[in-house]
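Undergrad: Using only what follows, build the 3D model:
(chains A, B, C and D)
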2 protein chains.
Amino acid sequence: MKKIILIYGASLAVLVFLLKYLEYQFFAKDLALEFYLAVIAILFTGLGIWAGFRLTRKKVVVVKMSADFVFNERELDRLGISKREHEVLEWMAKGLSNQEIADKLFVSLNTVKTHTSNLFLKLEVSRRTQAIQKAKELSLIP
Amino acid sequence: MKKIILIYGASLAVLVFLLKYLEYQFFAKDLALEFYLAVIAILFTGLGIWAGFRLTRKKVVVVKMSADFVFNERELDRLGISKREHEVLEWMAKGLSNQEIADKLFVSLNTVKTHTSNLFLKLEVSRRTQAIQKAKELSLIP
DNA sequence: AAAGCCTTCACCCGAAAGGATGATTTCAAG
DNA sequence: CTTGAAATCATCCTTTCGGGTGAAGGCTTT
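TA: Predicted coordinates:
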């Protein structure tokens, strides 16, 4: 966060410097221009960040509660299950084979196999049926 | 972090190049103030949005669960699933392997395999995970 | 810059699961 | 008594899974 802010600042400084240089070379006009540019840049950077937050927030508002299921994110975190792994878990619970999941997620079979293996370790099970069973108990999936 | 620096650098380079080029080619004079402002504004708005995107994440959801199960014997009948097959189905849903089910029911592995095969035919599925999924939908098992 | 996850993909090997078919025994119903 | 469904077990063969290992690239954090 701080680094990004610093980088923004540095970028602005460099930009202003460059513009000033250009102006010197070609216009040799009034020096107030840089201030306009800097102000505009800062303003629009803030605006952009705000817009970015807005946009992502909208994306996060993807609240989906089906019937009577509440996602237990705490447990998911505790077990260290990643986003992708959880995704694989969901499809797995729907009865898809590894190959089918691979097709659905546009990755290779090997990748899905890796995810499932990691899932089994994290869930402390050794078969997909057990994984599904346990995941449901923990409210990791509907 | 490297990426951020690189992107900023590239953006600045392109910007400077463009300004210089345009200046050379067309307006040999100023009057480009508004143009500069517009370019800066657009560029930094984009960067801000991008930064906003990478700075945000997280989400929360909470609900509750209810679980009342009513055995659907009618469906079981309709599908012609026998008592033994249903028994196998129940253990299957608990994550047991065919061998484990065989041990639990004091029958051979082959017998369990026969039961599961028949179950898959009757449930019109081809994998045990699908069978479990479907059996739950039909309230054949909790 | 370095250390650490996440994601992706690969290869190998053995175990489990699934499909097809056939056979025996038991038991209830026609 | 004959028929048929259910339950049992078997063999053969193919596909899917699961486990182990390694590795490359990206992003985050320190």
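
Undergrad: residues from chain A in reach of DNA strand D?
TA: Counting by CB under 7 Å from any atom of the strand, chain A comes close to DNA strand D at A:97-99, A:113-114, A:116-117, A:120, A:126-129. C-beta: built from backbone N, CA, C; applies to glycine.

Undergrad: pLDDT (mean, whole number) over the host helix or strand of A:D77?
TA: Assigned by DSSP states H and E, A:D77 belongs to helix A:73-78. Averaged across helix A:73-78, the pLDDT comes to 87.

Undergrad: helices or strands up against it?
TA: Packed against helix A:73-78, as judged by 3 or more CB pairs under 8 Å, 6 or more residues apart in numbering or on different chains; DSSP states H and E, are no other helices or strands.

Undergrad: Give the other helices and strands that the helix or strand that it is followed by contacts.
TA: For helix A:73-78, the succeeding helix or strand toward the C-terminus, using DSSP H and E, is helix A:83-93. Counting contacts by 3+ CB pairs under 8 Å, 6+ apart, helix A:83-93 is packed against helix A:98-105, helix A:109-123, helix A:128-137, helix B:128-137.

Undergrad: Reformat those helices as JSON lines; add distance to DNA strand C and mean pLDDT.
TA: Below are these laid out as JSON lines (distance: least, CB to the nearest atom of the strand, whole Å; pLDDT from 0 to 100):
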{"stretch": "helix A:98-105", "distance to DNA strand C": "6", "mean pLDDT": "94"}
{"stretch": "helix A:109-123", "distance to DNA strand C": "3", "mean pLDDT": "95"}
{"stretch": "helix A:128-137", "distance to DNA strand C": "7", "mean pLDDT": "94"}
{"stretch": "helix B:128-137", "distance to DNA strand C": "3", "mean pLDDT": "93"}
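
Undergrad: Out of these, the one nearest A:F71 is which?
TA: helix A:128-137 (11.2 Å; CB to CB).

Undergrad: Give me the residues contacting that closest one.
TA: A:89, A:92-93, A:116, A:119-120, A:123-125, A:141-142, B:92-96, B:128-129, B:132 (CB atoms under 8 Å, 6 or more residues apart in numbering or on different chains).

Undergrad: The same query, at a cut-off of 7 Å, please.
TA: Residues external to helix A:128-137 that are found in contact with it (CB atoms under 7 Å, 6 or more residues apart in numbering or on different chains): A:89, A:92-93, A:116, A:119-120, A:123, A:125, A:141, B:92, B:94-95, B:128-129, B:132.
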